[in-house]
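Engineer: Take a look and give me a structure for this.
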Amino acid sequence: MDMVEHQTDAFPMAYARQLVGDLFTPRAAVYWADFLGSAVVGYSAAAVYLLAPSAGWQAVGWIIASFALYRLSLFMHEIVHFRRGEMRAFRITWNLAAGVPLLTPSFFYESHIAHHNTQHYGTKDDGEYLPLGNGTWRDIALFLSQVFVQPLFVFTRFLLAPLSFLHPRLRRWTLERASSFVINFRYRRPVPAHAPLAEWAIMDLLCSVRAWCLLGTVAAGLHPWTHIPKLYFLAVSILTLNYIRTLFAHHYTNDGRRMTHEEQLLDSTVITGGAWIELLCPVGLRYHALHHLFPSMPYHNLAEAHRRLMEHLPPDSAYHRVVYPSVWKVMARLRENLRQAARRRQGNLSASARAGRSDSVQLAS
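Structural biologist: This next block holds a predicted model:
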């Protein structure tokens, strides 16, 4: 059952689910073909980027590798939504072929489930939410600047991963504070009693071996030292794509309170755009608001689900209001939200100033 199935009566959820009820079964062949194709293209292009003698070919390799490995990495989003035991071979293979080499094990993304919890979305317990729409352009710039820090943090964290096993408390602190892909660095990940700690430990140590091998091969002269900054630059470019996509997935106007289901829907977006939008929002993430309605729906069925909802839901439904024809329209909404936030802050400052003058007059009298 989807985690957001209990909601207000304002949105006809039962009817919407009836419209798409046959679209919840993942097609393994689609997943495997997409995953393997992305891996072959991504790793081949990365090899060209790292090894080609000419700058031109390196640039071509970098561009293709950035988009292909970005798509490859985002299969972790699908993996965390698989039901228990579902697509188990795919999950294991993806982690070994992508999660470890890219230092993005899927257990680092399991905190994403809290983002779909109606009690946590948009609150301090949601690691994937910041009130960016109520802030300033400086807040947006600081958010995007995380792409330069995160690769260094993740790489160092995996280098030091074996040390986390020296004491149970240190291991727990590492899992709670340094084992989640989030945008809110204050987020603390809960570690339930039934957590698969042994499986997490294996993935952690495999990623540690991978990180040390990257340094070891350079130190041994098997690869030139330039591979390190090149890989860092590739990681930054992949993260930049993801952070831009993340910025347009929601409006981020919540102030930390718990939101109704319809408020959560209206805070999210569907970007129809053109064919190119699939490069920025791969594996169905252009339908982000729809994904929040039905988190367990496989990505390859979201386009059909969107078509049915647009056709059968009333034109004034909340779902129609979250559909944007392009990223630029979402950007315009972000600019307007920032302007409104600035006016509210100015109004609060003016009110505070008037209150201060009134208090001064009373004291003087």
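Engineer: C-alpha from now on. contacts and neighbour counts both.
Structural biologist: Will do.
Engineer: Report pLDDT for the residue nearest the centre of the chain.
Structural biologist: Geometric centre of the chain, nearest residue: Thr246, 5.9 Å, by CA atoms, centre = their mean. Among the per-residue scores, Thr246 holds a pLDDT of 97.
Engineer: what secondary structure does it sit in?
Structural biologist: helix (DSSP: H, G, I helix; E, B strand; the rest coil).
Engineer: Rounded mean pLDDT for the strand or helix carrying Glu336, please.
Structural biologist: Taking DSSP states H and E as the criterion, Glu336 maps to helix 327-364. For helix 327-364, mean pLDDT rounds to 81.
Engineer: same deal with stretch 64-76?
Structural biologist: Taken as a whole, stretch 64-76 has a mean pLDDT of 98.
Engineer: That stretch: how far from the chain's middle?
Structural biologist: Relative to its chain's centre, stretch 64-76 lies at 13 Å (CA atoms, centre = their mean, to the nearest Å).
Engineer: got it, and stretch 267-286?
Structural biologist: On CA atoms, centre = their mean, the centre of stretch 267-286 falls 13 Å from the chain's centre.
Engineer: Likewise for stretch 132-148?
Structural biologist: 15 Å.
Engineer: can you check stretch 72-91 too?
Structural biologist: 15 Å.
Engineer: And for stretch 158-168?
Structural biologist: Using CA atoms, centre = their mean, the offset of stretch 158-168 from its chain centre is 26 Å.
Engineer: Counting neighbours, which bits of that stretch end up buried?
Structural biologist: Phe158, Leu159, Ala161, Ser164 (16 or more other CA atoms under 10 Å).
Engineer: Next: stretch 199-208.
Structural biologist: Under 16+ other CA under 10 Å, the buried positions of stretch 199-208 are Trp200, Ala201, Met203, Asp204, Leu205, Leu206, Cys207, Ser208.
Engineer: Among the residues you listed, which ones are in helices?
Structural biologist: Trp200, Ala201, Met203, Asp204, Leu205, Leu206, Cys207, Ser208 (DSSP state H).
Engineer: Break the chain down into its domains, please.
Structural biologist: 1-24+260-325, 30-259, 331-364 (automatic domain parsing).
Engineer: a strand runs through Leu175, doesn't it?
Structural biologist: No: according to three-state DSSP, Leu175 belongs to no strand; its state is helix.
Engineer: so who does it touch?
Structural biologist: Arg189, Val191 (CA atoms under 8 Å, 6 or more residues apart in numbering).
Engineer: cool, Phe82 as well?
Structural biologist: With contact taken as CA under 8 Å, 6+ apart, Phe82 is in contact with Ser296.
Engineer: Wasn't it part of a helix?
Structural biologist: No: counting by three-state DSSP, one finds Phe82 to be coil, located in no helix.
Engineer: That one and Leu159: what is the separation?
Structural biologist: The gap separating Phe82 from Leu159 is 29 Å, by CA to CA, to the nearest Å.
Engineer: Check Pro229 too.
Structural biologist: For Pro229, the distance to Leu159 - CA to CA - is 17 Å.
Engineer: List the buried residues in stretch 133-150.
Structural biologist: Gly133, Asn134, Gly135, Thr136, Phe143, Leu144, Val147, Phe148, Gln150.
Engineer: Which of those residues fall in helices?
Structural biologist: Going by DSSP H, the helices hold Phe143, Leu144, Val147, Phe148, Gln150 from the buried residues of stretch 133-150.
Engineer: so what's the backbone phi/psi at His120?
Structural biologist: Torsion angles at His120 (phi, psi; degrees, to the nearest 10) stand at phi -110, psi -30.
Engineer: What are the neighbouring residues in contact with it?
Structural biologist: Contacts of His120 (CA under 8 Å, 6+ apart): Ala114, Asp126, Arg258.
Engineer: Distance check, the residue nearest to Thr272 when sequence neighbours are not counted against Gly256.
Structural biologist: Leaving aside its chain neighbours, Thr272 sits nearest to Pro325 (5.1 Å; criterion: CA to CA, 6 or more residues apart in numbering). Distance of Pro325 to Gly256, given as CA to CA: 29 Å.
Engineer: Same question for Leu144.
Structural biologist: 21 Å.
Engineer: repeat for Gln18
Structural biologist: Gln18 is 32 Å from Gly256, by CA to CA.
Engineer: between these two, who's got more neighbours?
Structural biologist: Taking neighbours as other CA atoms under 10 Å, Gln18 and Gly256 compare with Gly256 leading, 16 against 9.
Engineer: dump the residue contacts of the residue lying closest to the more buried one once chain neighbours are set aside.
Structural biologist: Nearest non-adjacent residue to Gly256, counting by CA to CA, 6+ apart: Thr123, 4.3 Å away. For Thr123, the contacting residues are Tyr129, Asn254, Asp255, Gly256, Arg257, Arg258, by CA under 8 Å, 6+ apart.
Engineer: Now do Thr123, the pLDDT please.
Structural biologist: 94.
Engineer: do the same with the one 5 residues further on
Structural biologist: Among the per-residue scores, Glu128 holds a pLDDT of 96.
Engineer: Tell me how many other residues crowd it.
Structural biologist: Count around Glu128 with other CA under 10 Å applied: 21.
Engineer: ok, it touching Tyr109?
Structural biologist: No: contact between Glu128 and Tyr109 fails when scored by CA atoms under 8 Å: they sit 10.3 Å apart.
Engineer: so where's the protein shaky on pLDDT?
Structural biologist: Along the chain, segments meeting pLDDT under 70 span 1-10, 350-365.
Engineer: circling back to that earlier point, and which of the ones in helices among the buried residues of stretch 199-208 is nearest to Trp57?
Structural biologist: Nearest to Trp57 out of those is Cys207 (CA to CA; 29.4 Å).
Engineer: just to revisit the earlier point, what is the nearest of the contacts of His120 to Ala178?
Structural biologist: Using CA to CA, the contacts of His120 come closest to Ala178 at Asp126, 15.1 Å.
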